[in-house]
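J.: A predicted structure for the sequence below; I have some questions about it.
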Amino acid sequence: MLKRHPIFAYYLRKLITYVFTIWGAFTITFFLFRLLPSNPVDAWVKTLERQYAVQQSSSVANTAAYYKEQFGLNGTLGEQYVRYMYQVFVKGNLGPSFVNYPDPVQTLIMKRLPWTIGLLGTSVILSWVAGIVIGLLAGWFRETRFSGAITNIAISLSQIPAYLIALLLVLVVGYGLKWLPTRGAWDAQYSIGFTLPFILSVLQHAILPATAIVIVSVAGWILTTRSLIITLLGEDYLLYAEAKGLKPWNIMRRYALRNIMLPQATGLALTLGAVMNGQLLIELLFVYPGLGDLLNLAINVYDFNTVLGVILISIVSVMTASLLIDLALPLIDPRIRTQIQST
Amino acid sequence: MRFLVQSWKVSAKFKFGVIIIGVLVVLAVIAPLIYTPFTQGQIPARPGVFAPWIAPSPQHPLGTEGAGRDVLGDFLGGLQATLLIGFLAGSAALAVGVVFGFVAGYKGGAIDTVLTTFTNMLLVIPSYPILVGLTLVVPQKTLFTLAFILALFSWPFAARTIRAQVIGMKNQAYVELAKVSGQSDLKIIFTELMPNLIPYLLMSFAFSTVGAMVGEVGISFIGLGPTDSITLGMMINLASGWGAYTRGLWAILLVPPAVLILIFIAITMINRGMEEYLNPRLQNVTGQ
């Protein structure tokens, strides 16, 4: 069956890799955090002991035992692991959080996810569009000074972490010129809701963090688009289109741009999947109420459930984006289909 | 070696990057000579040696900062520590990446599948929270332990790059010939494959170094840097703690991020320059 349907075998292999990688990455993370010689309950019980000068060790032990059970920290490491995996993947429950006990972790994540997706998703899409347009022009007019300058600037910016750019923006635009707010996601005088002042305030607060992310990621898209275009330029069908007398503008749009859309759309999907990984510090710097901020709160008090929950979201979104690409590519691109069938 | 000379000749970017990094490295190496007179023999990272906020004077050309350290000592000591962390972590990551990449790429089959799957698992874990978790509990957080922790998360990229190159190379005729003539795997790896891979090893090293330094800045940025040295990332964190924004201490605020950005640009240029030499098609398209 698998031998006779290579496409089916390909899909099956991708699905198995998907499940297996998520499981492996999450398991590594789980044990890394459990091996840390500290946990929230111990620290908290110690504080209690200090604060109330508790003498009866039996009641302290009872309290500790109760909370250990609540957080799944009782029993051997193996038992904790099996219980946690069952709870997360079978029951879909990430457990109670410690930073906001007894709210379950999924509630906290859901509250913050829109901010992260809103800020980071918008920035990524904006930079993708801008990067493709600039990269297309820079590749098409590759012998001009404009192209050379753009390329050099893009190379310089491409490897700088966005939070350093953000820091300079905060210093110069926020503190120096006092043009834009540098803290939070909206002005505290407005209440959350679909009102115009609130929305304007949110947009105003998003300008600096979004600019920092866009500056760095647009550079990457410019470079990839430009080199894709340049490899296309020697192709026969472009020469033929020119010989046919098509206008250069139409050749660029219909022949060049369309041919680079596949790799660039793939890149966009992968970047959107990995969107949270690199930008956690941006949220920290701007005190932006997203997942990065939550992660920082949680990690400082060893709130394992919350930290693992956020990491799980990140792992799953990276892997899902890449799975969707793997599954969609053979449907879209006949060349890949043939390649799979021939192996 | 010849490869580096050729890259220097071919690429202006490579030249630019090498000169910048060269100047910074020299500055970092001779740093103790420059700051010792002003820090009076104290290591720059030690707080409370002088009174805080002394204005610039012949004793302290740039003054002292909020923790009573010489600002010049901070800058130079920070540059030294940051470059050293990058170098140590980059080397460690390269070493692990070479072993993983060569074994997986050269052996192939089941070993390759296992190693590659493991590498891919590490690559999808967001490294920043784990780095923070580890640095929170590490008992002796010296510059060396921090570099080691950072290397844990920068080797998978190196491993993946090297593996891809090894796979592309091992089916070449000269490797087949060496195999047929009965050379051992290790000998083939060191005499046939390694010399051809040096450019890629250098590039992986540069990438791992950048990765580790970005990680270090991230860690130090939130106040979890090494306890025995001062780094450029830590200076950023300290500056905001002293209310340097409101005090208008622009030098303390701007110099560390600016130097870091310069380091990242220079390393990227070096990498790009090497790529241009290896892939001549890039050369005539870079519009120089």
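T.: Right, received. Where do you want to start?
J.: Which of the helices or strands spans the most centrally placed residue in chain B?
T.: Compute the mean C-alpha point of chain B, and by CA atoms, centre = their mean the closest residue is B:Thr209, 2.2 Å away. Using DSSP states H and E, B:Thr209 sits within helix B:194-221.
J.: That helix packs against which elements?
T.: helix A:162-169, helix A:280-285, helix B:71-102, helix B:127-137, helix B:143-170, helix B:232-241, helix B:250-278 (3 or more CB pairs under 8 Å, 6 or more residues apart in numbering or on different chains; DSSP states H and E). No exception for glycine: its C-beta is placed from N, CA and C like everyone else's.
J.: buried ones in it?
T.: For helix B:194-221, burial by neighbour count (16 or more other CB atoms under 10 Å in any protein chain shown) applies to B:197, B:199-221.
J.: ok, A:Pro161 - contacts?
T.: A:216, A:278, A:281, B:214, B:217-218, B:264 (CB atoms under 8 Å, 6 or more residues apart in numbering or on different chains).
J.: again, 6 Å this time
T.: Neighbour list for A:Pro161: B:Val214 [criterion: CB atoms under 6 Å, 6 or more residues apart in numbering or on different chains].
J.: if we can go back for a sec, got the helices and strands packed on helix B:194-221 as a markdown table, with distance to A:Arg258, mean pLDDT and mean neighbour count columns?
T.: Putting the helices and strands packed on helix B:194-221 into a markdown table (distance: least, CB to CB, whole Å; pLDDT from 0 to 100; neighbours: other CB atoms under 10 Å in any protein chain shown) gives the following:
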| stretch | distance to A:Arg258 | mean pLDDT | mean neighbour count |
| --- | --- | --- | --- |
| helix A:162-169 | 30 | 88 | 23 |
| helix A:280-285 | 34 | 84 | 24 |
| helix B:71-102 | 36 | 92 | 23 |
| helix B:127-137 | 36 | 84 | 20 |
| helix B:143-170 | 29 | 89 | 21 |
| helix B:232-241 | 44 | 83 | 23 |
| helix B:250-278 | 27 | 88 | 21 |
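J.: what does the stretch 101-250 of chain A have sitting close to chain B?
T.: Neighbours of chain B within the stretch 101-250 of chain A, by CB under 6 Å from any CB of the partner chain: A:142, A:147-148, A:151, A:155-156, A:159-161, A:164, A:167-168, A:171, A:175, A:230.
J.: Tell me the one of these nearest B:Leu131?
T.: Set against B:Leu131, the nearest of these by CB to CB is A:Pro161 (13.4 Å).
J.: what about the closest one, distance to A:Ile229?
T.: Separation of A:Pro161 from A:Ile229 (CB to CB, to the nearest Å) stands at 27 Å.
J.: do the same with A:Phe194
T.: Applying CB to CB to A:Phe194 and A:Ile229 gives a distance of 42 Å.
J.: neighbour-wise, which of those two wins?
T.: Neighbours per residue (other CB atoms under 10 Å in any protein chain shown) separate A:Phe194 from A:Ile229, with A:Ile229 holding more: 23 against 6.
J.: secondary structure element for the more buried one?
T.: helix A:196-232.
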